[in-house]
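Colleague: Fold the following for me, if possible:
(one chain, ligands or ions: 1)
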Amino acid sequence: MARRRQGYGGETKIMKYKKVIFDLDSTLSSIEGIDELGKLRNMGERIKSLTRQAMSGRMPFGRVFIRRLELIRPTRSELLTIGELYKNSVTPGAPELINWLRRRGANVFVVTAGYTDCSYLLTDYLEIPRQNVFANRLIFDAGGQFIGVDQRIPLWHGGGKRQVVSKIMAAHPGKTICVGDGIGDWEAAKVADGFIYFGGVAYRPEVAAKADIVIKERNLLTLRRYL
Ligand SMILES: [Mg+2]
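Modeller: Predicted structure coming up:
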């Protein structure tokens, strides 16, 4: 069931979007990459609880982001493992929806607080050009061991997604809608023309309450009627 709320002018139904900006974790893929990394290190519950607090807005995102990385210190090869998991857990309907958008001439973007090394495995599979994929870059030494995060990319902190969405809006003309499941996705969508809350993987009532369109079905193709 999809529920429509007033907001963003209430004219969502007649809009045809030129750009659709997707979140990745729990949206295009049915997993949270960072939680899976936590499981690899046997600290699944600890990481998951931090993620939940960030996604629902109970703890500042930047603090959670750095804390999780300090705890896990993922290697490059672990990121590739997560990338494979992203692919194997692609959300039902995601490839079909993206093909449909492409045929319609819409520009598809991904803005994620995940990491490039794993995100590209999924976005390449979905044939989304890499210049349309915005993610955090982790820095590794020659042996693939974790050194740190490239903080020049704003996506590691709370307002980061919003900054990136603003840049996309400025560089590409046309109406834009964001699709995601986290509080950061909703925040970012304030600078766009609409926000679809995708609750098909992880339903977060705090975020759903703020969205003008709420999707509860697990299949992303459901979104077509709003795009
Ligand atoms: Mg997400």
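
Colleague: What's the first helix or strand after the helix or strand of the chain with the lowest mean pLDDT?
Modeller: The weakest-scoring helix or strand in the chain, judged by mean pLDDT, DSSP states H and E, is strand 2-4 (a mean of 51). Downstream of strand 2-4, the next assigned helix or strand under DSSP states H and E is strand 19-22.

Colleague: strand partners of that next one, parallel vs antiparallel please.
Modeller: Strand 19-22 pairs in its sheet with strand 107-115 (parallel), strand 176-180 (parallel), by DSSP bridges.

Colleague: after it, next one along is what?
Modeller: Using DSSP H and E, the first helix or strand after strand 19-22 is helix 33-40.

Colleague: how far is whatever helix or strand comes next after that following helix from where the chain is centred?
Modeller: Later in the chain than helix 33-40, the nearest helix or strand by DSSP H and E is helix 44-55. Computed by CA atoms, centre = their mean, to the nearest Å, the chain-centroid distance of helix 44-55 equals 16 Å.

Colleague: average pLDDT for helix 44-55?
Modeller: Summarised as a single mean, pLDDT over helix 44-55 is 88.

Colleague: mind listing what's buried in that helix?
Modeller: 47-48, 50-52, 54-55 (16 or more other CB atoms under 10 Å). From N, CA and C alone the C-beta is placed, and that goes for glycine too.

Colleague: what angle separates the helix or strand that it is followed by from helix 33-40?
Modeller: Proceeding C-terminally, helix 44-55 gives way to helix 61-72 as the next helix or strand, assigned by DSSP H and E. Per axes from the mean of the first three to the mean of the last three CA atoms, to 10 degrees, the angle that helix 61-72 makes with helix 33-40 is 30 degrees.

Colleague: Can you name the next helix or strand after helix 61-72?
Modeller: That would be, after helix 61-72 and using DSSP H and E, helix 76-88.

Colleague: between that next one and helix 33-40, how many degrees?
Modeller: Going by the same axes, to 10 degrees, helix 76-88 makes 120 degrees with helix 33-40.

Colleague: How about helix 76-88, which residues are buried there?
Modeller: Those would be 76, 78-79, 81-83, 85-87, for helix 76-88 by 16+ other CB under 10 Å.

Colleague: same for it, what does it pack against?
Modeller: helix 33-40, helix 116-125, strand 138-140 (3 or more CB pairs under 8 Å, 6 or more residues apart in numbering; DSSP states H and E).

Colleague: Show me the one of the strands paired with strand 19-22 that comes nearest the ion.
Modeller: Of all those, strand 176-180 sits nearest to the ion, with 5.4 Å by CB to the ion.

Colleague: angle of the closest one against helix 44-55?
Modeller: 150 degrees.

Colleague: CA atoms only: put strand 176-180 into PDB for me.
Modeller: Output in PDB follows, covering the C-alpha atoms of strand 176-180 (Å, rounded to 0.1, in the frame of the first residue of the first chain):
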ATOM      1  CA  THR A 176      14.100  16.000  -9.200                       C
ATOM      2  CA  ILE A 177      12.900  13.500  -6.700                       C
ATOM      3  CA  CYS A 178      14.800  11.600  -4.000                       C
ATOM      4  CA  VAL A 179      14.100   8.000  -2.900                       C
ATOM      5  CA  GLY A 180      15.400   6.600   0.400                       C
END
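
Colleague: Following element in sequence after it, please.
Modeller: Assigned by DSSP H and E, the successor of strand 176-180 is helix 183-189.
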